[in-house]
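Visitor: Just the structure for this:
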Amino acid sequence: QVRLVESGGGLVQVGGSLTLACVASGRTSSMFTWAWFRQTPGKEREFVAAISSSGLNTYYSERMKDRCTISKDDAKDTMNLQMNNLKPEDSAVYYCAGGPLITWRETKSSAFDAWGRGTQVTVST
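Guide: Numbering: from 1, shown residues only. Model prediction:
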């Protein structure tokens with residue numbers, strides 16, 4: 001099993017930046033796709049970005065592709081999401097997710113079987 005723990009959320013002003021981290025432990029070798037999703041109350045979980053286990057390949061949602069960067073630190077089994085120029089609509093609980101090779105290029109949350117508990121990001125005006 002894989003255990004994922006997010007950190008780095010908090011309160012940030014409009015236009016500010018924030019970097020989220022996800023630390024993985026357990027059977028991380030089974031994870032090919034590392035991804036970030038976000039969710040607001042009453043809405044479905046929304047894909048943000050993903051990176052391959054090698055760290056060489058990434059893909060982003062259209063909404064966030066110009067304002068965030070996903071990266072991976074293999075030595076620390078950590079994935080990061082740097083977000084810039086944050087907007088109020090970016091406020092959400094951000095979740096780290098992982099899945100095997102078959103999940104590559106997936107943007108549906110149902111495709112992923114490993115999840116963290118989330119970290120809250122609030123963008124204030």
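Visitor: Hmm, Gly9 and Arg22 touching each other?
Guide: No, residue 22 isn't Arg; it's Cys. No. The criterion here is C-beta atoms under 8 Å, and Cys22 misses it with Gly9 at 11.2 Å. All C-beta spots, glycine's among them, are computed from the backbone N, C-alpha and C.
Visitor: Comparing these two, which residue is more hemmed in?
Guide: Cys22 (26 against 17; other C-beta atoms under 10 Å).
Visitor: And for that one, nearest residue in space, chain neighbours not counted?
Guide: Among residues not flanking Cys22 along the chain, Cys96 sits closest, at 3.4 Å (C-beta to C-beta, 6 or more residues apart in numbering).
Visitor: residues contacting the residue nearest the centre of the chain?
Guide: What sits nearest the mean C-alpha location of the chain, by C-alpha atoms, centre = their mean, is Trp36, with 1.9 Å. For Trp36, the contacting residues are 20, 22, 47-50, 70, 79, 81, 94-97, by C-beta atoms under 8 Å, 6 or more residues apart in numbering.
Visitor: Please identify the nearest residue in space to it, excluding sequence neighbours.
Guide: Val48 (4.2 Å).
Visitor: Next SSE downstream of the helix or strand where the one you found lies?
Guide: Val48 is part of strand 46-52, with elements assigned from DSSP states H and E. Following strand 46-52 in sequence order, the next helix or strand is strand 58-60 (DSSP H and E).
Visitor: Report the mean confidence score over that following strand.
Guide: Regarding strand 58-60, the rounded mean pLDDT is 97.
Visitor: Mind listing the strands that strand pairs with, and their directions?
Guide: strand 46-52 (antiparallel) (DSSP bridges).
Visitor: And the strand it pairs with, how far out from the chain middle?
Guide: Distance, stretch centre to chain centre, for strand 46-52: 6 Å (C-alpha atoms, centre = their mean, to the nearest Å).
Visitor: got the CA coordinates for that strand in PDB?
Guide: Extracted as PDB, the C-alpha positions of strand 46-52 are listed here (Å, rounded to 0.1, in the frame of the first residue of the first chain):
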ATOM      1  CA  GLU A  46     -10.900  18.300 -10.200                       C
ATOM      2  CA  PHE A  47      -7.700  17.300 -11.900                       C
ATOM      3  CA  VAL A  48      -4.800  19.900 -11.600                       C
ATOM      4  CA  ALA A  49      -1.600  18.300 -12.700                       C
ATOM      5  CA  ALA A  50       0.300  15.000 -12.900                       C
ATOM      6  CA  ILE A  51       3.900  13.800 -13.200                       C
ATOM      7  CA  SER A  52       5.400  10.400 -14.100                       C
END
